[in-house]
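Peer 1: Predicted structure and sequence below. I'll ask about it afterward.
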Amino acid sequence: MRKILRNPAQIVTVDTKGKNFKRGKELNQINVIDNHSIIIEDGIIKDILPNSSLKINSSDFVIDVKDKIVLPGLVECHTHSAFAGSRANEFRMRLAGKNYEEIAKKGGGINTTVKAVREAGIEELINLLTQRAEYFICQGITSLEIKSGYGLDYENELKLLQAINYLKDIFSIDIVPTFLGAHTFPTEFKDDHEGYIDLLVNKLLPYISKHKLAKYCDAFCEKTAFSSPEVDKIFTKAKESGLELKLHSEQFNNIGGIDLALKHKITSVDHLEVLEDSKLNALGNSDIVCTLLPGVSFFLDYQYAPARKLIDNNAIVAVATDYNPGSSNIANLNFIMSLASLKMKMTIEETISAVTINAAMAIGLNETTGSIEINKQADFAIFDTKEYSDIVYNVGKNLNCITIKNGEIIFDSTEILNENY
Ligand code: NIG
Ligand code: FE
């Protein structure tokens, strides 16, 4: 059956002319068209036609989006949604003056959540993940990355990856699982780094690769976590095992993460709050997506990543929530978009490119989603406003009213609204 997204106020295509990513100045070009409708066939974008030439057949399924705007389905490319428990206590400690790194050094931080995850059953984790995925979907998100990283032993890292993979049976959105066994050293391996790396490299990676439990291997290159030679070992093995690579780098310190990212030609390097100017050129000349996480700077109250410098140096910039219980307890991508513009000085258009096509590239889905181009998946976020600037201008307000994945409506609040008004 043909489906028609009829007569929206605007279609923001984020068109890339088949290139499937945007670097530097290109982020500012999002291509807005009016007086057109979108034709969907078999879950794929078939055509974008002027309303004047649109012929509707009686067998067509028409979704009337008059006075609404259509964007590509949003892509959330960096989350730690697979967690249990709460870190409200540490939040209180931070409000009283302690800092995030101090708390981590004393065995809190990531290891607090590790304890909660180890105590949680897989059903509990699946329930938590389900609620969190639903919350992302109602925001217009049609592709979602989720990391492990709070199990930090054989049994519990696999439990997390199994829970994340289970979501693929529940939801039609793209779920991308990432293995983050190298998140930090668990307390039992505090003084035996080699022992833990051995577990990652010789036990976990082979199992994960054999059972295809993760698409990416990620690591946290930081003074309180893994050194660059340690990450190097893990990345070398992950690559051999057929996983693609991502890295948390330059969040608090520069300890060689960028050189490693370039050496391994990884897919994305994430954080970059303390990136040095000397690295801008190399990143701008590379195909690595720089994923910026302004929610962390907001939640921990420190400097933002140099988005302007990266874009001005021709980098491929994406933006994500980094949703996690310790450094960005923020699952609202809309709020993050406003932070990207207000605090990192990205234009509204750059921010939109960063959460669509470039975020899709950060999780290897940019050939099939992230922009409204013919033959791509019919993935859309439909917003209840007539002007796309409103999305970023309305801070923290969810204007998304319909989410469509592969041509199917998976969230629709318009009926609810119709009932209420
Ligand atoms: O991306 N940087 C490391 N990992 C997370 C924080 C995780 C946590 O505090 O639980 C991040 O900020
Ligand atoms: Fe993160």
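Peer 2: That came through, no problem. Ligands and ions are numbered 1, 2, ... in the order given.
Peer 1: For Ala182, which non-adjacent residue is spatially closest?
Peer 2: Ala219 (3.7 Å; CB to CB, 6 or more residues apart in numbering). Bear in mind the C-beta positions are built from the backbone N, C-alpha and C, glycine included.
Peer 1: Just confirm the one you found is within a strand.
Peer 2: Yes - assessed with DSSP: H, G, I helix; E, B strand; the rest coil, Ala219 lies in a strand.
Peer 1: Tell me how many other residues crowd it.
Peer 2: 29 (other CB atoms under 10 Å).
Peer 1: Going forward, the N-terminal residue is numbered 862.
Peer 2: Right, with 862 as the first residue, what we last looked at is Ala1080.
Peer 1: pretty sure it is touching Leu1041, no?
Peer 2: Yes - using CB atoms under 8 Å, Ala1080 and Leu1041 qualify as a contacting pair, with a distance of 7.2 Å.
Peer 1: Look up how far Thr874 lies from the residue lying closest to Pro1167 once chain neighbours are set aside.
Peer 2: In this structure, Pro1167 finds its nearest non-sequential neighbour in Leu1136, 5.8 Å apart by CB to CB, 6+ apart. Between Leu1136 and Thr874 the computed distance is 31 Å (CB to CB, to the nearest Å).
Peer 1: who in this protein is up against ligand 1?
Peer 2: Taking CB under 6 Å from any ligand atom as the test, the list of the chain residues beside ligand 1 reads 941, 970-971, 974, 1081, 1109, 1112, 1157, 1183, 1185-1188.
Peer 1: Quick check: the residue of the stretch 862-1011 of the chain nearest ligand 1.
Peer 2: Across the stretch 862-1011 of the chain, no residue is closer to ligand 1 than Ile971, which sits at 4.5 Å (CB to the nearest ligand atom).
Peer 1: I'd like the distance between the closest residue to that residue other than its chain neighbours and Phe1160.
Peer 2: Counting by CB to CB, 6+ apart, the nearest residue to Ile971 once its immediate chain neighbours are dropped is Thr1045, at 4.6 Å. Going from Thr1045 to Phe1160 by CB to CB gives 18 Å.
Peer 1: do the same with Asn1267
Peer 2: The spacing between Asn1267 and Phe1160, counted by CB to CB, is 34 Å.
Peer 1: Point to the residue nearest the middle of this structure.
Peer 2: The geometric centre of the chain, computed from its C-alpha atoms, lies nearest to Cys938 (CA atoms, centre = their mean), at 1.6 Å.
Peer 1: give the contact list for that residue.
Peer 2: 1004, 1006, 1037, 1129, 1150, 1152, 1179, 1181, 1220-1221, 1223-1224 (CB atoms under 8 Å, 6 or more residues apart in numbering).
Peer 1: Tell me the buried residues in the one helix or strand Lys1100 maps to?
Peer 2: Assigned by DSSP states H and E, Lys1100 belongs to helix 1089-1101. By neighbour count, and taking 16 or more other CB atoms under 10 Å as the criterion, the buried residues in helix 1089-1101 are 1089, 1091-1096, 1098-1100.
Peer 1: before we move on, back to that, who are the contact partners of the residue nearest to Ile971?
Peer 2: Thr1045 neighbours (CB under 8 Å, 6+ apart): 965, 970-972, 1013, 1081, 1085-1087.
Peer 1: ditto for Ser1129
Peer 2: Residues in contact with Ser1129, defined by CB under 8 Å, 6+ apart, are 938-939, 1107-1108, 1149-1152, 1179, 1222-1224.
Peer 1: What of Ser1274?
Peer 2: Counting by CB under 8 Å, 6+ apart, Ser1274 touches 999, 1262-1263.
Peer 1: For it, give its distance to Leu910.
Peer 2: Look at Ser1274 and Leu910: by CB to CB, they are 27 Å apart.
Peer 1: domain ranges for the chain?
Peer 2: If the domains of the chain are taken from automatic domain parsing, they occupy 863-933+1233-1281, 936-1223, with pieces of a single domain joined by a plus sign.
Peer 1: which residue packs closest to the residue of the stretch 1112-1261 of the chain found nearest ligand 1, ignoring adjacent ones?
Peer 2: Nearest to ligand 1 in the stretch 1112-1261 of the chain, going by CB to the nearest ligand atom, is Gly1187, at a distance of 2.5 Å. Nearest in space to Gly1187, with sequence neighbours left out and distances taken as CB to CB, 6+ apart, is Arg948 at 5.1 Å.
Peer 1: gap between that neighbour and Gly970?
Peer 2: Counting by CB to CB - Arg948 and Gly970 are separated by 8 Å.
Peer 1: Equivalent analysis for Glu951, please.
Peer 2: From Glu951 over to Gly970 the distance is 7 Å, taken as CB to CB.
Peer 1: which one of these two has more residues nearby?
Peer 2: Set side by side, Glu951 and Gly970 show unequal neighbour counts under other CB under 10 Å, the larger going to Gly970 at 22 against 19.
Peer 1: Contacts only, for that one.
Peer 2: Contacts for Gly970 (CB under 8 Å, 6+ apart) come out as 948, 951, 961, 964, 1045, 1085, 1187.
Peer 1: Most neighbours of all those, which one?
Peer 2: Of all the contacts of Gly970, the highest neighbour tally under other CB under 10 Å goes to Gly1187, namely 24 neighbours.
Peer 1: do you know how far Asn1175 is from Gly1156?
Peer 2: When distances are taken as CB to CB, Asn1175 and Gly1156 turn out to be 25 Å apart.
Peer 1: Compare the two and say which is more crowded by neighbours.
Peer 2: Between Asn1175 and Gly1156, Gly1156 has the larger neighbour count (other CB under 10 Å), namely 26 against 16.
Peer 1: which residue sits closest to that one, ignoring its sequence neighbours?
Peer 2: Leaving aside its sequence neighbours, Gly1156 is closest to Ser1189 (3.8 Å, by CB to CB, 6+ apart).
Peer 1: Next, the contact list for that neighbour, please.
Peer 2: Under the contact definition (CB under 8 Å, 6+ apart), the residues listed for Ser1189 are 1154, 1156-1157, 1159-1160, 1182-1183.
Peer 1: quick revisit: I figured the residue nearest to Gly1187 was touching Pro1186, is that so?
Peer 2: Yes - applying CB under 8 Å, one finds Arg948 in contact with Pro1186, separated by 4.6 Å.
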